[in-house]
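Enquirer: coordinates only, sequence not included:
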């Protein structure tokens, strides 16, 4: 994938046919090794199934956290993706040991480089985000247009694809 011309690749465990097991871990670790062999901007993002699972995103460049509905959920999701003292992400030694600098070389830099994308896909999220901004540590607000249109009732009012505009 690094030579594909794309900027990022999303491994989707929310809708994808894989779970949190050794197959997913092996796939993510294998992709990281392949990407190190070429010079390119491709970033690997992992979409979790919910915001409280952010810490388990494995050897990726970042995480896409779905179904964020409030600034508090946004702060919690970002916290789960960052190590203390900036967050609450736990340290899992065996997977981090694959980093050439080892665990102590990985953890301090991980907070600086992890991409945290929060998925905006409900009417409640749109309303709540207007009232209070999410954590400035989040890197991306990612629009989930299908779920957002459904949540806002636009699919009942407009025919496809007019519901998007």
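Expert: Thanks, I have it. What you see is a predicted model, and the numbers here were worked out from it, not measured in a lab.
Enquirer: List the contacts of residue 119.
Expert: 47, 64, 65, 66, 67, 68, 142, 143, 144 (C-beta atoms under 8 Å, 6 or more residues apart in numbering). (Each C-beta comes from the backbone N, C-alpha and C, glycine too.)
Enquirer: Am I right that it sits in a helix?
Expert: No. Counting by DSSP: H, G, I helix; E, B strand; the rest coil, one finds residue 119 to be strand, located in no helix.
Enquirer: So in terms of bridging, what pairs with it?
Expert: As for beta bridges, residue 119 partners with residue 142 under DSSP bridges.
Enquirer: Next one: it, what pLDDT does it get?
Expert: Per-residue confidence (pLDDT) for residue 119: 91.
Enquirer: Residue 147 versus that one, what's the distance?
Expert: As judged by C-beta to C-beta, to the nearest Å, residue 119 and residue 147 stand 8 Å apart.
Enquirer: What is the subsequent helix or strand relative to the helix or strand bottoming out on mean pLDDT in the chain?
Expert: When the helices and strands of the chain are scored by mean pLDDT, DSSP states H and E, helix 93-96 comes last with a mean of 57. Heading C-terminal from helix 93-96, the first helix or strand you meet, by DSSP states H and E, is helix 102-113.
Enquirer: burial measure for residue 146, as a count.
Expert: 12 (other C-beta atoms under 10 Å).
Enquirer: Which residue lies closest in space to it, excluding its sequence neighbours?
Expert: Using C-beta to C-beta, 6 or more residues apart in numbering and skipping residues adjacent in sequence, the residue nearest residue 146 is residue 121, 7.8 Å away.
Enquirer: what about the strands in this structure?
Expert: 8-12, 43-47, 62-65, 115-120, 140-143 (DSSP state E).
Enquirer: Check which helices and strands the third one sits against.
Expert: Put plainly, it is strand 62-65. strand 43-47, strand 115-120 (3 or more C-beta pairs under 8 Å, 6 or more residues apart in numbering; DSSP states H and E).
Enquirer: Check the last one too.
Expert: Contacting strand 140-143 under the criterion 3+ C-beta pairs under 8 Å, 6+ apart are the following elements: strand 115-120.
Enquirer: Any stretches of this protein with poor pLDDT?
Expert: 1-4, 16-42, 49-59, 92-99, 132-138 (pLDDT under 70).
Enquirer: Surely residue 120 is in contact with residue 129?
Expert: Yes. When contacts are counted by C-beta atoms under 8 Å, residue 120 is listed as touching residue 129 (6.9 Å).
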